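Trainee: no FASTA, just this:
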């Protein structure tokens with residue numbers, strides 16, 4: 001069990017979401033940076049989709065009520081009892097110790113996974129919190145000071161008592177995720193259904209940079225910049241929406257649908273963000289700038305394979321380390337197994 005000691009608004013329990021219910025108007029929810037959550041889970045020996053904590057307001061503090069294996073990934077500066085932890089790191093916390101997360105200057109969200117995962121009721125196949133629907137997680141709300149969270153049974157995986165880390169994907173996959181010289185976030189996308197209606201403005205959609213406005217949240221990122229508009233007014237029937245769809249409302253400033261995306265909408269669609277770039281968009285900070293880069297289906301497949309290979313490498317390496325530690329330990333347990341010594 002863990003206790004929330006200090007938490008601002010919007011910090012929630014998330015897993016990989018509940019797809020499959022959009023036809024009845026239920027948004028998928030799930031981690032804004034699913035790659036970071038997957039890696040955190042693999043580091044503590046969980047299935048990659050176990051529930052953890054998504055932290056997007058800082059400082060965030062929790063106390064361990066018992067010896068617990070945990071991992072912190074994504075954007076945060078983490079300390080345990082004041083000792084700084086390396087980024088993307090698994091560690092064991094002892095009963096009474098406090099884990100503190102402070103904001104990162106370059107990324108918006110951090111993820112904490114625990115061996116066994118956060119044990120809250122499953123709603124429609126997921127433990128994710130839906131703030132808009134007020135269900136999932138803890139009564140559909142964000143975490144508060146004084147909350148106590150139960151953890152599930154951890155797998156019998158041997159883990160290094162001194163911790164274990166991975167190379168963050170922004171470094172390990174740098175060749176696949178280039179950075180602009182002026183630090184503008186480059187987000188790859190494909191033209192969507194109504195792209196041709198935008199004429200010359202369609203080309204400007206790609207060439208200009210957009211600022212992520214303060215009106216952005218888990219539902220969508222509202223972008224500020226010189227408006228783009230269709231060459232003529234268009235009446236559209238509502239259509240289904242998934243994360244990554246870029247709509248253009250009458251004001252001409254695009255909206256990128258995110259993890260809590262609406263299930264249907266009627267604004268023209270100008271583009272769709274590649275799935276492999278959504279985790280990077282989920283880490284973009286309010287006020288930062290991005291530029292869309294026109295991509296291709298072939299590039300999308302290449303990026304998907306690169307990300308999948310990175311996840312597989314972390315999974316295989318973690319399991320290999322666990323097996324090696326068990327072999328070296330022999331009958332004497334010199335490493336911690338799961339959340340118990």
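Mentor: Sure, I can see it. Model, not experiment: these values are computed from the prediction.
Trainee: my guess is residue 36 meets residue 109, correct?
Mentor: Yes. Using Cβ atoms under 8 Å, residue 36 makes contact with residue 109 at a distance of 7.4 Å. C-beta: built from backbone N, CA, C; applies to glycine.
Trainee: Quickly list what's touching both of these two.
Mentor: Taking Cβ atoms under 8 Å, 6 or more residues apart in numbering as the contact rule, residue 36 and residue 109 both touch 74, 283.
Trainee: and residue 323, that one's in a helix?
Mentor: Yes. Counting by DSSP: H, G, I helix; E, B strand; the rest coil, residue 323 is found in a helix.
Trainee: so what pLDDT did residue 234 get?
Mentor: pLDDT for residue 234: 78.
Trainee: burial count for it?
Mentor: Using other Cβ atoms under 10 Å, the number of residues around residue 234 comes to 11.
Trainee: who's in contact with it?
Mentor: By Cβ under 8 Å, 6+ apart, residue 234 lies in contact with 194, 197, 268.
Trainee: which ones among those are found in helices?
Mentor: Counted as lying in helices by DSSP state H, out of the contacts of residue 234, is not a single one.
Trainee: Give the full set of residues in contact with residue 250.
Mentor: 229, 267.
Trainee: Give me the distance between residue 172 and residue 245.
Mentor: Distance from residue 172 to residue 245, counting by Cβ to Cβ, to the nearest Å: 28 Å.
Trainee: Same drill for these two, tell me which one is more crowded.
Mentor: residue 245 (25 against 17).
Trainee: so what's the backbone phi/psi at the more buried one?
Mentor: Phi and psi for residue 245, reported as degrees, to the nearest 10, are phi -70, psi 130.
Trainee: nearest residue to it other than its sequence neighbours?
Mentor: Nearest residue to residue 245 in three dimensions, chain neighbours excluded: residue 257, at 4.7 Å (Cβ to Cβ, 6 or more residues apart in numbering).
Trainee: I'd like the contacts of residue 234 as CSV, with distance to residue 72 and neighbour count appended.
Mentor: Below are the contacts of residue 234 laid out as CSV (distance: Cβ to Cβ, whole Å; neighbours: other Cβ atoms under 10 Å):
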residue, distance to residue 72, neighbour count
194, 41, 18
197, 45, 19
268, 40, 21
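Trainee: For residue 326, pull up the helix or strand it's in.
Mentor: Using DSSP states H and E, residue 326 sits within helix 297-329.
Trainee: Tell me who's in contact with residue 206.
Mentor: 291-294.
Trainee: now the helix or strand where it lies, how far from the chain's geometric center?
Mentor: Element membership of residue 206, judged by DSSP H and E, is helix 199-207. Taking Cα atoms, centre = their mean, to the nearest Å, the mean C-alpha location of helix 199-207 is offset from the chain mean by 29 Å.
Trainee: following that helix, which helix or strand shows up next?
Mentor: Past helix 199-207, the next helix or strand by DSSP H and E is strand 210-212.
Trainee: can you pull the buried residues of that next one?
Mentor: Neighbour-count burial for strand 210-212, counted by 16 or more other Cβ atoms under 10 Å, picks out 210, 212.
Trainee: What is the helix or strand just after that strand packed up against?
Mentor: Downstream of strand 210-212, the next assigned helix or strand under DSSP H and E is strand 220-224. Applying 3 or more Cβ pairs under 8 Å, 6 or more residues apart in numbering; DSSP states H and E, one finds that strand 220-224 makes contact with strand 210-212, strand 255-257.
Trainee: Appreciated, that's everything.
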